[in-house]
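# Build me a model:
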Amino acid sequence: MRQVSEPWWKSAVVYQVYPRSFADSDGDGIGDLGGVLARLDYLHALGVDVLWLSPIYPSPQHDNGYDISDYTAVDPVFGSLEQLDELIAALHARGMRLVMDLVVNHTSDEHPWFVESRSGPDSPKRDWYWWRPPRPGMRPGDPGAEPTNWRSFFSGPAWQLDEASGEYYLHLFSHRQPDLNWENPEVRQAVYTMMRWWLDRGVDGFRMDVINLISKDPALPDGHVTGSGMLGDGSPYYVCGPRIHEFLAEMHAEVMAEREQVLLTVGEMPGVTVEEAVLFTDPARHEVDMVFQFEHVQIDQGDTKWDVHPLRLRELKASLNRWQLGLAERGWNSLYWNNHDQPRVVSRFGDDGRYRVESATLLGTVLHLHRGTPYVYQGEELGMTNTSFTSIEDFRDIESLNHYAHEVAAGTPPDAVLAGLRTMSRDNARTPMQWDDTEHAGFTTGTPWIPVNANYTEVNAAAALADPHSVLHHYRRLIELRHTEPAVAFGDFRMLLADDDRIYAFTRRYEGTELLVVANFSAEDAEAPVPDAAAWAASELVLGNYPDAGGGPPSDPDAAGLTLRPWEARVYRRPA
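Take a look at the predicted model:
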């Protein structure tokens, strides 16, 4: 039974919908709210508790909706505010909740706030954004005249010249996404007013986009330059900046504190450390409930996300263990492999060929049995894979397009740039949801805004629903286990076999129950020499990812451990 003293989200599972790619109800090739409404029974049958909806606000769509031009409306491409109200009511009727994306580090350059701010230096909203003159002694537009040398996340300088005024504005992302100035209390109050407006409509919480970047060092120092070029790393001056804890505590007090219902707040925080996350998620500090950290999804990367190397399991275990232990006494973890910004995990950390089903279900098992709140990204429960990009014309994502243009201009061979894009581009996660084997995978009757993955005839929801051993049905069993076994949600965590290069193993213990999770991250049979292996092998097997879970050659009681088949995962239970 769920502990009444614990907030509901500790035993919940969240499902992220990227509306543009989920389901299209009107045939224009773009997913919409009508499509989400039509698929709610699918989500309810999966067992998820919360729907996290990526941005559906009015937007020029320069960054697929993360450039917002109106915070309190719905973009017509996705539907209407009335449809969103209908979605909230339909979710609540099913015992589910809705979390909205909150994007308040920056706005679109078409947002009325920025349009007014840009009207001139005397504008009453000039200070709502970060405006600065060029460097002393330099003219606007000269190379290196930007106020700081900071590099944008989307390539190039983080400052854009406004020729009319001769000043620059800060944009950590695209130049179409100017950063709000949270030092200005009027900005903060406008954001809080907007958040209260959504909660009054029945929204149950917020996923806060890059929320730990909202506090900048007002001195705006130059960043350290590495390698050739003039651009530097400004992150020490805006990642978890000087007033970030103050701002989030103020947000909680102004928006969440007086609400009767228990809300969910999760902050996306690139560059956050375990030590900072403990502060952010400590319930006594009243900031956010949990954070999205990036450490484990950077394990396979070199100096940049495009420099990819094979997964080293020891490093992945060390990272996740550090976060499990670091937030064990205070705070709470979010658990994810996939989202709209990450390539498909079965192609990344698994085997999307021969062992696609086995590795997808193994990855789900390992993640969901950790301590924290799991997040499922649309199609993850089907074992959807990375797609095949043949040329730069196949890509839609601004980050990918900018990176390609920047690298090719710098002399990198186009094929070498494309190799990194094929593996790591955000577009891998944004191909349409694969519903069935009809044209365009049942996503739309029109032409999809981005092509469907060619493997949709094999990998789709209709086929998965008909197969009791599919990835989908395994995810249903994982979610049910979290709802029915308190040790999954509330148990402690102890990593085993930390130095094993193939076996991921850990235990969860809670009020007289102990679980063992063992998983073979390889395409060969492997022994799992966990302590007390023979007794575990004879205990109750509550979940496995092979049709004959626990079957196959029985483990030798005299052997060092349990024998696991390629990409096999098992969960055992016994009295503690």
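# and residue 521, what is it in contact with?
Counting by Cβ atoms under 8 Å, 6 or more residues apart in numbering, residue 521 makes contact with 311, 313, 349, 362, 502, 503, 504, 567. The C-beta positions use only the backbone N, C-alpha and C, and glycine is treated the same way.
# Apply 6 Å and report the result again.
With contacts defined as Cβ atoms under 6 Å, 6 or more residues apart in numbering, residue 521 is in contact with 313, 502, 504.
# Most neighbours among those residues, which one?
Most neighbours among the contacts of residue 521, by other Cβ atoms under 10 Å: residue 504, with 25 neighbours.
# you'd agree that one is up against residue 520?
No - using Cβ atoms under 6 Å, residue 504 is not in contact with residue 520; the gap is 8.1 Å.
# quick one, what contacts residue 322?
Neighbouring residues of residue 322 by Cβ under 6 Å, 6+ apart: residue 274.
# could you dump the contacts of residue 521 to a markdown table with distance to residue 91, pLDDT and secondary structure?
Formatted as a markdown table, these follow (distance: Cβ to Cβ, whole Å; pLDDT from 0 to 100; DSSP: H, G, I helix; E, B strand; the rest coil):
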| residue | distance to residue 91 | pLDDT | secondary structure |
| --- | --- | --- | --- |
| 313 | 38 | 97 | helix |
| 502 | 41 | 97 | coil |
| 504 | 34 | 98 | strand |
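# Export those residues as CSV, with columns for distance to residue 391.
Below are those laid out as CSV (distance: Cβ to Cβ, whole Å):
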residue, distance to residue 391
313, 34
502, 37
504, 37
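# quick check, nearest of the residues you listed to residue 321?
For the contacts of residue 521, the minimum distance to residue 321 (Cβ to Cβ) is 10.3 Å, reached by residue 504.
# Show the contacting residues for that closest one.
Residue 504 makes contacts with 366, 519, 521, as judged by Cβ under 6 Å, 6+ apart.
# how far away is it from residue 357?
Taking Cβ to Cβ, to the nearest Å as the measure, residue 504 falls 18 Å from residue 357.
# same check, this time on residue 429
In this view, residue 429 and residue 357 are 19 Å apart by Cβ to Cβ.
# Which residue ranges of the stretch 51-200 of the chain form helices?
All helices of the stretch 51-200 of the chain, identified by DSSP state H, counting those that start in this stretch, fall at 81-93, 112-117, 185-200.
# Can you add mean pLDDT, mean neighbour count and distance to residue 155 and give those helices back as JSON lines?
Formatted as JSON lines, those follow (pLDDT from 0 to 100; neighbours: other Cβ atoms under 10 Å; distance: least, Cβ to Cβ, whole Å):
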{"stretch": "helix 81-93", "mean pLDDT": "98", "mean neighbour count": "16", "distance to residue 155": "34"}
{"stretch": "helix 112-117", "mean pLDDT": "98", "mean neighbour count": "18", "distance to residue 155": "21"}
{"stretch": "helix 185-200", "mean pLDDT": "98", "mean neighbour count": "16", "distance to residue 155": "27"}
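# Would you mind giving the ones you listed as JSON lines with distance to residue 543 added?
JSON lines is the format used below for these (distance: least, Cβ to Cβ, whole Å):
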{"stretch": "helix 81-93", "distance to residue 543": "27"}
{"stretch": "helix 112-117", "distance to residue 543": "50"}
{"stretch": "helix 185-200", "distance to residue 543": "37"}
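# quick one: which of those is nearest residue 434?
Checking these against residue 434 by Cβ to Cβ gives helix 81-93 as the closest, at 22.1 Å.
# so that closest one versus helix 185-200, what angle?
Here helix 81-93 runs at an angle of 60 degrees relative to helix 185-200 (axes from the mean of the first three to the mean of the last three Cα atoms, to 10 degrees).
# Please name every helix or strand in contact with helix 81-93.
Applying 3 or more Cβ pairs under 6 Å, 6 or more residues apart in numbering; DSSP states H and E, we find helix 81-93 packed against helix 33-38.
# Buried by neighbour count: which residues of the helix it packs on qualify?
By 16 or more other Cβ atoms under 10 Å, the buried positions in helix 33-38 come out as 33, 34, 35, 36, 37.
# That helix: how far from the chain's middle?
Its chain's average C-alpha position is 22 Å from that of helix 33-38, according to Cα atoms, centre = their mean, to the nearest Å.
# What of stretch 466-476?
Chain-centre distance of stretch 466-476: 23 Å, with Cα atoms, centre = their mean.
# Residues contacting that stretch, please?
Stretch 466-476 is touched from outside by 46, 47, 357, 360, 361, 364, 381, 382, 383, 464, 545, 547, with contacts defined as Cβ under 6 Å, 6+ apart.
# Appreciated, that's everything.
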